[in-house]
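In: here is my input; please provide its structure:
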Amino acid sequence: EEIFGMINKELKAINKAGLLPAGAVITGGGANLPQIVDLAKNSLGLPAQIGFPINLGGMMNKVDDPSFSTVIGLIIWNGVEGINSQKGSKGVLGEISNTTEETVKKMKKWVEKFLP
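Out: Below is the predicted model:
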């Protein structure tokens, strides 16, 4: 409840409180808390849903949990930032290829290092 209060305070500061049509997406371990979606809806006055990792092919059985959504998003973002970096940074996945399929394969291989 405290976190949603802080989020709402920030939304008010930028005049967006209750004005995000897509609503809020809850990720991370906290997304597994009971009734978290209802709490988010009531606290923020916005639609809310839990975010799950998507489009990971054969890895879904290992990471089909909102706890992994944040880290997978950060991995993807880091890879994209590596491509866009003017310094030529390659990100944590190395050089990202031009095809989505090859990029996803590299991501899978990298994430599998951290799975039991």
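In: ok so residue 25 is a strand residue?
Out: Yes - counting by DSSP: H, G, I helix; E, B strand; the rest coil, residue 25 is located in a strand.
In: surely it and residue 47 touch.
Out: No - between residue 25 and residue 47 no contact is recorded; they are 9.7 Å apart, counting by CB atoms under 8 Å. C-beta here means a position set from N, CA and C on the backbone, and glycine is covered the same way.
In: the chain: strands as residue ranges?
Out: Ranges of strands within the chain are 24-26, 48-50, based on DSSP state E.
In: sheet partners, orientation included, of the last one?
Out: Okay, so that is strand 48-50. Strand pairing for strand 48-50, using DSSP bridges, gives strand 24-26 (parallel).
In: the strand it pairs with: which residues count as buried?
Out: For strand 24-26, the neighbour count (16 or more other CB atoms under 10 Å) marks 24, 26 as buried.
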